[in-house]
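**Q** Sequence and predicted structure below; questions after.
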Amino acid sequence: MPKHYRPAGKKKEGNAARYMTRSQALKSLQVNLNLFRRLCIVKGIFPREPKKKVKGNHHTYYHVKDISFLQHEPLLEKFREIKTYQKKVQKAKAKKNEELARLLLTRQPTYKLDRLIRERYPTFIDALRDLDDCLTMVHLFAVLPASDRENLEVKRVHNCRRLSHEWQAYISRTHALRKVFVSVKGIYYQAELEGQKITWLTPHAIQQVFTNDVDFGVLLTFLEFYETLLAFTNFKLYHSLNVKYPPILDSRLEALAADLYALSRYIDASSRGMTVEPKVDASSSSQSNDRAESELRLAQLQHQLPSSEPGALMHLVADKEVEEDEETRACKSLFKDLKFFLSREVPRESLLFVLPAFGGTVSWEGEGAPFKEDDESITHHIIDKPSAGHMYLSREYVQPQWIYDCVNARIILPTEKYLVGSRIPPPHLSPFVDNEAEGYVPDYAETIKRLQAAARNDVLPLPGVGKEDLEDPQNLLYAGFMSRTEEIEAAENKKTMAEREKQYHEELKKELKKEVTGSVVDDVAAPVVEEGEGEESSVPDAAQIAQDTADMPTLMMSRKKRKLYDAMKIGQKKKSESVERIKQRKKNLKADQ
Amino acid sequence: MTKKKSEAANEDQTRDTKKKSVSAVKSSQKEKPVLAKQVKSSKEEEDLLLDSATDSDYDGDSLSGSLNSDDFDSDVFDSEDDASQKETEGGDKDSSEDELELHGNEDSDDDDEGEQVDSENDEEDGSDEEREVAEESDSSEDEVAPRNTVGDVPLEWYKDEKHIGYDITGKKITKKEKQDKLDSFLANMDDSKNWRKIYDEYNDEEVELTKEESKLIRRMLKGEAPHADFDPYAPYVDWFKWDDAIHPLSSAPEPKRRFIPSKWEAKKVVKYVRAIRKGLIKFDKPEEEPNVYLLWGDDSASDQKSKHLTYIPPPKLKLPGHEESYNPSLEYIPTEEEKAAYELMYEEDRPKFIPKRFTSLRSIPAYENALKESFDRCLDLYLCPRVRKKRVGAHSIINIDPESLKPKLPSRKDLRPYPNSCYLEYKGHTGAVTSVSPDCSGQWIASGSADGSVRIWEVETGRCLKVWQFKEAVKCVAWNPLPDFPILAVAIGQDLVILNTELGTDEEQQKIEELLRLGTLPEQDEAVAAIVSWLPDETYGGIKIKHFKNISYVDWHPRGDYLSAVMSAGETRGVVIHQLSMHKTQRLPIKMRGLPVCTLFHPTHRGMFIIATKKNVRVFNLQKRELAIKKLETGLREISSMAIHPGGDNLIVGSKEGKMCWFDMDLSSKPYKTLKNHPKDITNVAFHRSYPLFASCSEDSTAYVFHGKVYSDLNENPLIVPLEILRGHSTSSNRGVLDCKFHPRQPWLFTAGADSVIKLYCH
């Protein structure tokens, strides 16, 4: 009897019954591969890995339940309907019945994904948990050029842009932003919402390029779902702020590409505007008058500008902040009394998002800005060119990296290293790395750590330095700055000392043991054959013994476990090697200097 | 009218127009004042008139673009009755009309004609006569279209003739010489207009088409009207006047349906009305539902369990490290050499991301792989099978400490005593010590070396008691297990020498001497005699048993009377068993597969004999003389050694691949445990006689000591715990530790090294 013989009439069992290959799934669903792919993407169905692959290793397996889940999806029927409808339109066009075709096109069947979102993410937290990819993609498409060839419409790009701005406005308004990291790939942001850490990547605001090796069909299907998801998420978030969604924006600001600012004004206005009587400010209305006189816009402006004073924009409603946790409060007050002015060349969109999120007041060079460059109360002027033109003495001219570093360190860092025109700023470090776990701490990270400690007014015990040396935190700060290398050396010395001590102890123990065995020697008559060297060679070095004792249990492991263990060891070794490499490079650099 | 003829006629006409146009071009080039037309003669005039009539007909056509059907008809008619054209009545009328029209045309095109003539006159000087003739012939040709007069007969009739037919005078028209292919090809190459030349078979001449003519032909081929300006869709002019008509064209009475409302329309209207009443047709646009709304209004619905499979959230993307920064610390940036080294790597080994440093934010370029990476992530999301990772404890398997994978072993302290440190070294051999054997009292130890010496040492002091020197390397030494028979079996080359160690009391010495004295040897089997012979050993006064092959291994029966010797030979000759008391030798009663490696006498069961071949271990019962009782499948590549637990149920086997197998012989014929402890060959394995210890030694100059506890309870598996790695021997000529034996009473281990040292490890 063959191994897999199944008597006639007996049902399949096990993996054969539980999983089906993709082509089987296509057949049972009666769809083509394209449609199947769309369904899978939209429904969030992914292949499974059966323990035993009945049809072979080169197949993709889906769970039977997943497929039957698709089978009952109303969207499947809808897609079929759309397909037949397209045929009708095509037929009309082929018969040169343009009018019919036009008429049919106006009444195309449409579909909505809201039900699917509810199905995939039963609670809001679930949605937030999976929001990373969604945000990254929407932010990416917000900066892509619309393209006919790729079937990417202007409308969608604008929608992505709008959604991303809405999201950023919310994060900024609720001070939920935690970490920012400027990388080569773009700017990473990490926000914390309802206990979920949401990380997303926004590309640098430069013209992106299309590559030929991507299938835009797949991307657009994902984007379609993500747009819907983000829209509903934004609705929920805005709802929690008591702000109407979708927001109606000041078209003037929108035209000036200051959507984010417009949004934050809108949120502010509408969350406060419930109580405050909207009144038209003369200046603002006159300002708008010289652009366009449409009544609609006036009404909008009236609605949005309860009070036109820019300083009050970031005004927060007291009753909303009750449930704020410590971290939010820290974030909120980081740039609290600081006023920033952005120069033309700095990434305005990013900074307009980050600075208000940490409590700063921002303006920029250009129209629609809340205050002008000559405002005396500006404390920091962000500039990203070799030299500033006219310099005000009352403010500091810093490079934009200073803001990001401050945000990650949660303290106001000293600005002298970031001053304009001086030099390249200190290294920008990733806030996502746990330096201790990584095994290598960059110098600047330690500096920042010390500064943080100093800011907290508690003393961080330096390795190799007594506590009494650290009376004055300021002193410590400077000491940390100046004699960093010495301290490292001291620490290393201490470490080696400790190591030596340990070794000594071990040796002592060894000798004690030897004495115990030596008693045996005493019992026996004096050895005729010389055995002096035997004593030494028989005592292997401590490291060897430690190694042996560590390896001993590996002998008893099953082969599978041993392989896993070895693989892990290799991984650890690789990691430590890379750390070593970095350390070596650092040493070389130091030697070169 | 045949087709051919009409074609010919057409050709003529076209040729004519061509000429005219040529002359017209000429005249326009010259731009001479218009001169009166010179008429040569009345006949000529008539001819000319006709000529010009036909000419102007075409000219007029080309100018006015009003080639009406009449004209066309007349043309056809013309060609129809070849030379004499104006004889039929209709034709007559038409032609007269033609003429009338033509005259009108002539007036208007007077200068045209004049020019033509003028041009003729211009060139008249020398070649006037010729031209006249040419004109003549030309016009005559026009009148009498084909020069051949054979009429509508198949041309095959003239195929074999010299002539093609007859001209108008009845003279034969001779065929022209045919152009051969090469010439025609060359002509084709030389003259780009050659394609326009057509061979007229009927008249046997080549006709060249003008551009206009070719266009004409093309149009006809397409099925259009031959003339370019002919409008097939000219607005219809209704010549019939309806205005004053009293009577209709048809006298049928108006049907009733013209007066009553349409039933079908009424039906349709009713249908629409009903649809509207039912609300199927709506006139106002459906209200737009809001696209977004509060989807997660209340989270109470979250309690309901989803009916489908559990959702496995996709793993989040790896967060960027310091090296991805736009301005990383300098130590993260690889040097030029390292970058060059990356280029040499395989694509999959190459790091995906090479850190770069930009001096300012504004100098960061767009990331070229942004879309690609996004796409890859999408592919991962919908194409990669997701598996919920098994969790070990609280962490996923990726994050666990590898140390936690190690099994928990009982503390080594609890398993004491065991040999762990070198206590004594026995030095004296000059070659690698190949074998050691402690005597059963534990006071002495014998060792054999590759330098041919056999030594006896006092265990506790390390004093060398005795030395025997042989000519060949000692392969194996084995002490008799009986305490009152201190004799030694030594394998040297092909000889097995039984040595009297001269230890023990006088009584014992007497017994031994008696035993070793070879009197009259008993009758040996013939087959045995062929491979083994007993001889007295002259040099040291023992017995020398000469074998037919080199002996690799010697083992005593626990009772001390029998000893087995292993040679590398197959079948029954590989293992021989000597009986010392009888001075007799027997071969293995059973045929064996493979070459034997080592043998063991079972410690408790008397007749049991264990033989290890290279792959397997077989257990025989010598008394019953039957096939192997048991076959243990080691799964090893090459067995090198074997040891049996004093209980007799457990066996360890060492192999040349560094693996050691523990067999529980009651349990299974497969190894209970396989340990891969040595990187090199295992040379020997040993069990302790009383302590639960076993050891292995290897060419990598280490020896492992294990705790191997066998429980009397059959349900309990043996406990194996690695205890100690004994180092200390040095490698010489690629060999490490060659032998290891336990002390019979103490938990001590003797190891014999290739560095000519014997070591004693104590607890």
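**A** Perfect, thanks for sending it.
**Q** what sits up against the strand or helix carrying A:Arg178?
**A** Taking DSSP states H and E as the definition, one finds A:Arg178 inside strand A:177-182. For strand A:177-182, contacts defined as C-beta atoms under 8 Å, 6 or more residues apart in numbering or on different chains pick out A:171, A:187-192, A:197, A:327, A:331, A:350, A:353-354, A:357-358, A:401, A:404, A:407-408, A:428, A:430-432, B:320, B:324-327, B:361, B:364. Backbone N, C-alpha and C define where each C-beta goes, glycine included.
**Q** Mind checking which of those are buried?
**A** A:171, A:187-192, A:197, A:331, A:350, A:353-354, A:357-358, A:401, A:404, A:407-408, A:428, A:430-432, B:320, B:324-327, B:361, B:364 (16 or more other C-beta atoms under 10 Å in any protein chain shown).
**Q** Okay, and which of those residues map to helices?
**A** Cross-referencing those against helices under DSSP state H gives A:Ile171, A:Cys331, A:Ser350, A:Phe353, A:Val354, A:Ala357, A:Gln401, A:Tyr404, A:Val407, A:Asn408.
**Q** Okay, the closest residue to the fifth one other than its chain neighbours and A:Glu326: tell me how far apart.
**A** What that stands for is A:Val354. Nearest residue to A:Val354 in three dimensions, chain neighbours excluded: A:Val180, at 5.8 Å (C-beta to C-beta, 6 or more residues apart in numbering or on different chains). Distance, A:Val180 to A:Glu326, using C-beta to C-beta, to the nearest Å: 20 Å.
**Q** of the two, who's got more company?
**A** Remark: of A:Val180 and A:Glu326, A:Val180 carries more neighbours, 24 against 7, as counted by other C-beta atoms under 10 Å in any protein chain shown.
**Q** What does the pLDDT read for the more buried one?
**A** At A:Val180, the predicted lDDT confidence score is 94.
**Q** Also A:Ser284?
**A** On the pLDDT scale, A:Ser284 gets 38.
**Q** Quick check: B:Ala275 is in a helix.
**A** Yes - judged by DSSP: H, G, I helix; E, B strand; the rest coil, B:Ala275 forms part of a helix.
**Q** List the residues that contact it.
**A** With the criterion set at C-beta under 8 Å, 6+ apart, B:Ala275 makes contact with B:Ile281.
**Q** again, only this time at 10 Å
**A** Residues counted as contacts of B:Ala275 (C-beta atoms under 10 Å, 6 or more residues apart in numbering or on different chains) are B:Ile281, B:Lys282.
**Q** quick one: it from B:Val269, how far?
**A** Taken as C-beta to C-beta, the span from B:Ala275 to B:Val269 is 11 Å.
**Q** just the helices in the stretch 1-150 of chain A please.
**A** Taking DSSP state H, counting those that start in this stretch, the helices of the stretch 1-150 of chain A run over residues A:15-18, A:22-29, A:33-43, A:64-71, A:74-94, A:98-106, A:114-120, A:124-129, A:131-142.
**Q** Quick one: list the elements packing against the third one.
**A** If contacts are counted by 3 or more C-beta pairs under 10 Å, 6 or more residues apart in numbering or on different chains; DSSP states H and E, helix A:33-43 sits against helix A:22-29, helix A:64-71, helix A:74-94, helix A:114-120, helix A:216-240, helix B:370-383.
**Q** so which of these is the most packed in?
**A** Mean neighbour count (mean count of other C-beta atoms under 10 Å in any protein chain shown) peaks for helix A:216-240 among the helices and strands packed on helix A:33-43, with a mean of 21.
**Q** Which elements pack onto it?
**A** helix A:33-43, helix A:114-120, helix A:124-129, helix A:131-142, helix A:154-174, helix A:259-273, helix B:370-383.
**Q** So for the shortest one, what gets flagged as buried?
**A** The neighbour-count check on helix A:124-129 (16+ other C-beta under 10 Å) flags A:Phe124, A:Asp126, A:Ala127, A:Leu128, A:Arg129 as buried.
**Q** Pass me the low-pLDDT residue ranges in the stretch 551-700 of chain B, would you?
**A** Nowhere does the stretch 551-700 of chain B drop to pLDDT under 70.
**Q** Chain A contacts on that one?
**A** B:Met660, B:Lys673, B:Thr674, B:Leu675, B:Lys676, B:Asn677 (C-beta under 10 Å from any C-beta of the partner chain).
**Q** same thing but 6 Å
**A** Residues of the stretch 551-700 of chain B found near chain A (C-beta under 6 Å from any C-beta of the partner chain) are B:Leu675, B:Asn677.
**Q** ok, which stretches of the stretch 551-700 of chain B are strands?
**A** B:551-556, B:562-567, B:575-579, B:584-587, B:596-601, B:608-613, B:616-621, B:630-633, B:639-644, B:650-655, B:659-664, B:673-676, B:682-687, B:693-698 (DSSP state E, counting those that start in this stretch).
**Q** Could you export those strands as JSON lines, including distance to B:Arg745 and mean neighbour count?
**A** Below are the strands of the stretch 551-700 of chain B laid out as JSON lines (distance: least, C-beta to C-beta, whole Å; neighbours: other C-beta atoms under 10 Å in any protein chain shown):
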{"stretch": "strand B:551-556", "distance to B:Arg745": "18", "mean neighbour count": "21"}
{"stretch": "strand B:562-567", "distance to B:Arg745": "23", "mean neighbour count": "23"}
{"stretch": "strand B:575-579", "distance to B:Arg745": "28", "mean neighbour count": "21"}
{"stretch": "strand B:584-587", "distance to B:Arg745": "33", "mean neighbour count": "19"}
{"stretch": "strand B:596-601", "distance to B:Arg745": "21", "mean neighbour count": "23"}
{"stretch": "strand B:608-613", "distance to B:Arg745": "25", "mean neighbour count": "23"}
{"stretch": "strand B:616-621", "distance to B:Arg745": "28", "mean neighbour count": "21"}
{"stretch": "strand B:630-633", "distance to B:Arg745": "30", "mean neighbour count": "15"}
{"stretch": "strand B:639-644", "distance to B:Arg745": "18", "mean neighbour count": "24"}
{"stretch": "strand B:650-655", "distance to B:Arg745": "21", "mean neighbour count": "26"}
{"stretch": "strand B:659-664", "distance to B:Arg745": "24", "mean neighbour count": "23"}
{"stretch": "strand B:673-676", "distance to B:Arg745": "27", "mean neighbour count": "16"}
{"stretch": "strand B:682-687", "distance to B:Arg745": "14", "mean neighbour count": "25"}
{"stretch": "strand B:693-698", "distance to B:Arg745": "13", "mean neighbour count": "27"}
